[in-house]
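Participant: Curious how this folds, go ahead:
(2 chains)
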There are 2 protein chains.
Amino acid sequence: MDKKQVASCLAEAQHHLNQELLPFWLNRCMDKKNGGFITQFDKDGNDTGEDVKSLIAQARCTYTFASAHRAGFGEGKCAEFARHGVNYLLDVMWDKQHEGFYWTTNRAGEVLIDKKILYGQSFAIYALSEYTLATGDPRGLETAQRLFELIQIHCTDTMYGGYFEMFERNWELCLPGPSGGDRKTLDVHMHLMEAFTALYEASGRQVHRRKLLEDIALLNERILHPQYRTGIPQFRADWSVAPQIKFDIVWGWDRFTDGQQKANPTDNTAYGHNVEFVWLLLHAMDILEMPVGNYEDTIRKALMHTIENGIDRKFGGVFVEGPHTGGVYDREKEFWQQAEVLIGMLEAVLRFGPDPFWQTYYNVHRFVFDKVIHHEIGEWWPLLTREGQPIWTHMSHSWKINYHTIRAMIQCIQRLEKIQGSI
Amino acid sequence: MDKKQVASCLAEAQHHLNQELLPFWLNRCMDKKNGGFITQFDKDGNDTGEDVKSLIAQARCTYTFASAHRAGFGEGKCAEFARHGVNYLLDVMWDKQHEGFYWTTNRAGEVLIDKKILYGQSFAIYALSEYTLATGDPRGLETAQRLFELIQIHCTDTMYGGYFEMFERNWELCLPGPSGGDRKTLDVHMHLMEAFTALYEASGRQVHRRKLLEDIALLNERILHPQYRTGIPQFRADWSVAPQIKFDIVWGWDRFTDGQQKANPTDNTAYGHNVEFVWLLLHAMDILEMPVGNYEDTIRKALMHTIENGIDRKFGGVFVEGPHTGGVYDREKEFWQQAEVLIGMLEAVLRFGPDPFWQTYYNVHRFVFDKVIHHEIGEWWPLLTREGQPIWTHMSHSWKINYHTIRAMIQCIQRLEKIQGSI
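Facilitator: Numbers count the residues shown, from 1 in each chain, chains lettered A, B, ... in the order given. Sure, this is the predicted structure:
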C-alpha cells in the first residue's frame, strides 16, 4: 500500500463518479412527465421502455442522490433529484388507505403490485432518512418514522423475534411457501440494520436505537453461521435454516438456474453480502457510538472467509457464492458484490491495518475498473464471466440501479482520502 | 353434581351479584365531581379518602361495568357507569403528548406517576374493547386499537420475542432491576392474551388475531413450566427464569414478606393464576374459533396441579402458591385466586365432565360464600388465614377492585346455567 497506488485509486474513483456515473444518471433518469425515475436502460444507456417503476428502484435512486448531495457531489443537482424522488414516493407510491408503499406502479403511476414487501419498505426508510439528513426537508424523516411504526405494528414476530417480510396490501401476512409469508431472510434483516441506522442518525430517538440494537443482535445470534460467521440466506419463523427458495415477488435477481431451489439450498453464502454486512455493522456501531469489541471476532472471520474463498486471484474480483465451510460454487462475477467488497476492504484497512485488506481491495478495484465498468456508457455490467466478459448487459433495470455503484464510489472516496491522509 | 346442588350454587351467585356486589359498587364508586371511580373503601365500605386513581382500578372498573351490561345485568345502569369510566380514561388518563395511559392520577385528575406500564395498558385495551362490545360506542375500540399499535411500536422485543413491560412516560424502556426494564412476566403476557382476545372479538382484524396467537404460543412455549405446565412468574429478556423480585411500580399486592425477594424466588407458582390462564386460554380459542387440541394436555396438567396441590381439603378454598413439582409454600387465601378457580373449574366441567372439577368447584364455592364474602357489606375480604379469618380487611383499594369478584359471578352464572341445562 504505497501512497502512489492509493492516490491513483482515488483519482480513478473520483473520475468515475464525477465524469461517468453521475452524468449517466443525471442525464437520463428523471421522469419529468410522470414524476419519479426511469430506471430501465440497455447496454448503450438507451431507455428500454419497460413500463414499471419499482419501490426498490425509486427508493434506492432517491437514497443515491440524497447521499451524493450529502457527501458534497453534484453541485446541488443531486438534492433536486432526491426531492423529485421523494415527491414520487410520497405522492404516488404511498398507499393512502392502508399506509406503507406499494411494490410497483407503471410509469404513469398506476399501481401494478400493491403488496407490502418489507425489503422495499426498508429501502424507503433508508432513502427518506438520508434525504432529510442531506436536505433538512422534514418530510423524509416524518414518513420514515411512520413507516417504522407500521413495520413494528404489522411485521414483527413477537413469538420468535425478527420480522416477517411479505404482506398483502392491507398488511395481512402472505401465505407460506413461494409467497414467502413463513420466511425470514438475511437480506431483509441486514437491510433493516442499514435503514434503522440512517433512521436513528436522523431522529436520535431511543426507540429507533433499541430496534437497531435488537436487529444487530438478531443478525449476530440467529442469522450468521455460528462457527464461520457467514450469512445464512433463509430461515423459517423459528430460525431453523430453511432451504433457499425463489419467492413469487423477486427483489434481487439471484439466479436459480435449476428452477425454484438452489443446488445447495441450505449451504450457501454470498461473499459480497458478508462483507457488506461487515461494513454496515461497523457503520451502525459508529452511529450508535458504541465500541466494536464484541463483534470484532465476527467481523474478522467474515472478512477472512471472503478473502480466503471469494477472491479470484487469477482473474481478479469476487466470486458469487460458496459453502460456509469454504470453497466456491459459483465463479461468475456480480457487479454488486464487487461494489460492497470495495467498501468493506477499505473499512478494514482503516480499522485493522493494510494487510491483507489493501491487496484484496486493489485486486477487486482493478477488476472493477478494468472489466466491470462500461466506461464508454458510465455504468457497470451487471453480471460477468469469471474472466470478465459481460453475460448480462443492461445498464439498469428495476433491481439494478445506482445504489451499489454510486454508493461504492462515494464510500470508497471518503475512505481512500482518510487512508491517504494517514500514510 | 346433582341438579339441586347446581341450582343452589346458581341461586347463591345470582343473589350475591344482584343484591350484594353490584349494589355495593353502584352505590358508592362513581366520582361525580372529578369523573372516574373512587376505589378505596374500608371494611365497612366507607371511603378511606386515599387520594389516588390508578389506571388498573379505573380500567378494571370500566371493564367490569361494561361486561355486566353486556351480560344483561344492571338494567342499563352498568352501561352508564362504563361510559363514565371511559370518559375519565380518555379525557384525563390519556397522555395527549406521548399517547398511552398514565399510571396514576390523584382524585382531581392531576398526574402522579406518568410511567407507561404495560400491565395497566393491557387492562385498558381489555376495558375499552369490552366497552365497545357492550355499548357499540366506537370510542372504546378506536382507543384500544391505537394503544395496541403503541404497544407494538414500543414494547416488543424483536430479538427474543415477547414484550418489555416498564416504560417512562415517553415510552423509553426503564432501567433494569427494580425498575423492571429487563424483566418479562407471566402476569403481563397472560393479561395481554386476555386483552388481545377482547380486542380481536371487537375488531375482527387479522393483525390482532396474529399477535394473540403469538402471545398464546409464548405463554405455552416460554412461560409455562415445560414439564408441569404451571406458570413461571418472572424471566429475563432471553426467557431464562429470573428470581422473582418486587418492582418499584407494584401492580398487584404480591407479598414479599422477606424483603425484595421471595423465599423461593425461582420455584414459585400460583394456583389461581394457573387456573385463570386455563380459562382465559379456552376463551381465547373460542373467540379464535380454533380447536383446543394442541393445548388439552397443558390445560389438564395445569388444572390437576391446582386440584392436587392448591386445594385445601380441610378448610376449603385455594392456597396462595407452591413449587412447580408439587406441595405448598403459602397456605393463606387470596380473594382473587378463589374467584379465578371458581370460573376455571366450571369451564372444566363443561369441557371435560364433572369429575374431579365439580367437587373442586363446590369446595371453593363454599369457602367463598361462607368465609370470603363479607355479605353484610357486599364485597370480598382480600386476604384470609387458612381457616378463613380476614387478615387484610379493606373492601377495595387501587389493586383490589371489582374485576375479579364481579367477573367471577358473571362467568359462573353463565356456566352454571349451561350446566343446569345439561343435566
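Participant: which bits of the stretch 1-150 of chain A sit near chain B?
Facilitator: Contact residues, the stretch 1-150 of chain A versus chain B (Cβ under 8 Å from any Cβ of the partner chain): A:Phe148, A:Glu149. Quick note: C-beta positions are derived from backbone N, CA and C, even for glycine.
Participant: which residues in the stretch 1-150 of chain A form strands?
Facilitator: A:53-54, A:104-105, A:111-113, A:116-117 (DSSP state E, counting those that start in this stretch).
Participant: Now render those strands as TSV, adding mean pLDDT.
Facilitator: Conversion of those to TSV gives the following (pLDDT from 0 to 100):
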stretch	mean pLDDT
strand A:53-54	97
strand A:104-105	98
strand A:111-113	97
strand A:116-117	98
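Participant: doesn't A:Thr143 make contact with A:Trp94?
Facilitator: Yes - with contact taken as Cβ atoms under 8 Å, A:Trp94 and A:Thr143 are classed as touching, separated by 7.4 Å.
Participant: Please identify which of the two sits among more neighbours.
Facilitator: Here A:Trp94 and A:Thr143 are set side by side on neighbour count (other Cβ atoms under 10 Å in any protein chain shown), and the busier one is A:Thr143, at 23 against 17.
Participant: want to throw the strands of the stretch 1-150 of chain A into JSON lines with mean neighbour count and distance to A:Tyr295?
Facilitator: Putting those into JSON lines (neighbours: other Cβ atoms under 10 Å in any protein chain shown; distance: least, Cβ to Cβ, whole Å) gives the following:
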{"stretch": "strand A:53-54", "mean neighbour count": "26", "distance to A:Tyr295": "33"}
{"stretch": "strand A:104-105", "mean neighbour count": "22", "distance to A:Tyr295": "36"}
{"stretch": "strand A:111-113", "mean neighbour count": "14", "distance to A:Tyr295": "37"}
{"stretch": "strand A:116-117", "mean neighbour count": "26", "distance to A:Tyr295": "29"}
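Participant: Redo those strands as a markdown table? Include distance to A:Thr269.
Facilitator: What follows is the strands of the stretch 1-150 of chain A, written out as a markdown table (distance: least, Cβ to Cβ, whole Å):
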| stretch | distance to A:Thr269 |
| --- | --- |
| strand A:53-54 | 26 |
| strand A:104-105 | 29 |
| strand A:111-113 | 29 |
| strand A:116-117 | 23 |
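Participant: Tell me which of those lies nearest to A:Val6.
Facilitator: Closest of these to A:Val6 is strand A:53-54, at 37.4 Å (criterion: Cβ to Cβ).
Participant: Give me the residues contacting that closest one.
Facilitator: Contact partners of strand A:53-54, identified using Cβ atoms under 8 Å, 6 or more residues apart in numbering or on different chains, comprise A:36-37, A:39, A:88, A:93, A:103-107, A:109, A:120, A:398-399.
Participant: Could you identify the most distant pair in these?
Facilitator: A:Gly109 and A:Trp399 (20.0 Å).
Participant: how about the helices in the stretch 51-200 of chain A?
Facilitator: Assigned by DSSP state H, counting those that start in this stretch, the stretch 51-200 of chain A shows helices spanning A:55-70, A:77-88, A:118-135, A:138-154, A:186-203.
Participant: Please identify which of those is closest to B:Pro243.
Facilitator: With distances scored as Cβ to Cβ, the stretch of those nearest to B:Pro243 is helix A:138-154 (30.6 Å).
Participant: related to what we said a few turns ago, from the contacts of strand A:53-54, which would you call buried?
Facilitator: The neighbour-count test (16 or more other Cβ atoms under 10 Å in any protein chain shown) marks A:Gly36, A:Phe37, A:Thr39, A:Tyr88, A:Met93, A:Trp103, A:Thr104, A:Thr105, A:Arg107, A:Gly120, A:Ser398, A:Trp399 as buried among these.
Participant: Look up which residues are beta-bridged to the second one.
Facilitator: This means A:Phe37. With beta bridges defined as DSSP bridges, A:Phe37 has these partners: A:Met30.
Participant: looking at it, it is touching A:Arg28, isn't it?
Facilitator: No - checked against Cβ under 8 Å, the pair A:Phe37 and A:Arg28 is beyond contact range at 9.5 Å.
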